[in-house]
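> Got a predicted structure plus its sequence, pasted below:
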Amino acid sequence: MIKQLTATCLALTLSSSVYAKDFSISERILGLEVGGGFIQADTNMERDHDGSDIEYGIRLGAQMDEWRTLFILSYFDSSDDDQNYEKGVVTFDYMFMVDDQNPKQFQPYIGLNVGYMNYESTYIDESGLLYGGQLGFTYRATEKFGLDVSYRYSLTDFDRTDHIQSIMVGFDYIY
């Protein structure tokens with residue numbers, strides 16, 4: 001299942017990047033992210049349970065001027081709440097206040113995400129589509145390293161899972 005999720009999201013990321021105009025001059029991104037994950041879903045003991053814990057993931061993508069595409073694989077496990085999920089999403093972000101003259105800049109963005117997720121709790125195992133939006137900002141600390149702070153809200157098409165929220169901090173190597 002993880003292999004299918006990885007292959008699908010990676011194919012979406014690569015296909016969207018290949019058709020980008022002037023692909024050869026885009027910046028490629030490789031990074032890690034960590035933050036708080038919040039999920040509302042049924043568990044074995046409670047309907048619409050709100051769970052929270054640490055979520056972490058890896059990021060791979062490309063950015064051209066004001067557009068960015070990322071492929072993100074992330075994992076959340078809250079043993080206290082008996083909930084965990086793995087998800088792979090592709091994000092499409094529009095960057096505001098782009099200034100080519102100053103690479104060390106603050107850039108707010110807004111975007112959409114779509115992907116695949118597997119949710120598990122005792123006697124519950126669901127997989128399916130995940131979609132939503134995000135907003136945040138990036139800051140270039142140096143020419144090669146950046147910081148990304150984001151808020152993501154995603155809905156699912158599952159019977160027992162309603163939505164997921166994530167507040168993430170990403171550390172990116174830009175090459």
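Received it, and whenever you're ready, just let me know what you need.
> list the contacts for the closest residue to R160 other than its chain neighbours?
Excluding its sequence neighbours, the residue lying closest to R160 (Cβ to Cβ, 6 or more residues apart in numbering) is D42, at 3.9 Å. C-beta coordinates here come from the backbone N, C-alpha and C atoms, glycine included. Contacts for D42 (Cβ atoms under 8 Å, 6 or more residues apart in numbering) come out as 48-49, 121, 124, 160-161.
> repeat that for 7 Å
48-49, 124, 160 (Cβ atoms under 7 Å, 6 or more residues apart in numbering).
> Quick check, central residue of this protein?
Residue closest to the mean C-alpha point of the chain, counted by Cα atoms, centre = their mean, is I72 at 4.8 Å.
> Can you tell me the element that residue falls in?
Using DSSP states H and E, I72 sits in strand 67-78.
> ok so, going back, take the contacts of D42 and keep only those in strands.
In strands, judged by DSSP state E, the following of these are found: 49, 124.
> so how far is G51 from the nearest residue to D53 once chain neighbours are set aside?
In space, and not counting its chain neighbours, D53 is closest to S78: 3.6 Å by Cβ to Cβ, 6+ apart. For S78, the distance to G51 equals 5 Å [Cβ to Cβ, to the nearest Å].
> who's more crowded, the two?
Taking neighbours as other Cβ atoms under 10 Å, S78 and G51 compare with G51 leading, 21 against 18.
> For that one, give the beta-bridge partners.
I39 (DSSP bridges).
> and it, what is it in contact with?
Per Cβ under 7 Å, 6+ apart, neighbours of G51: 39, 78, 81, 83.
> tell me the SS of the third one?
This points to D81. coil (DSSP: H, G, I helix; E, B strand; the rest coil).
> Next, count neighbours for it.
18.
> for it, what are its contacts?
Here D81 is in contact with 43, 49, 51 (criterion: Cβ under 7 Å, 6+ apart).
> Kindly reformat those residues as JSON lines and extend each row with distance to V90 and pLDDT.
Formatted as JSON lines, the contacts of D81 follow (distance: Cβ to Cβ, whole Å; pLDDT from 0 to 100):
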{"residue": "T43", "distance to V90": "28", "pLDDT": "81"}
{"residue": "H49", "distance to V90": "28", "pLDDT": "85"}
{"residue": "G51", "distance to V90": "25", "pLDDT": "88"}
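> ok so, going back, which of the contacts of D42 count as buried?
By neighbour count, with 16 or more other Cβ atoms under 10 Å, the contacts of D42 hold 49, 124, 160 as buried.
> Can you name the residues bridging to the second one?
Right, I124. S121.
> Can you classify the residue lying farthest from the centre of the chain as helix, strand or coil?
Within the chain, M45 marks the point farthest from the mean C-alpha position, 28.9 Å out by Cα atoms, centre = their mean. What three-state DSSP gives for M45 is coil.
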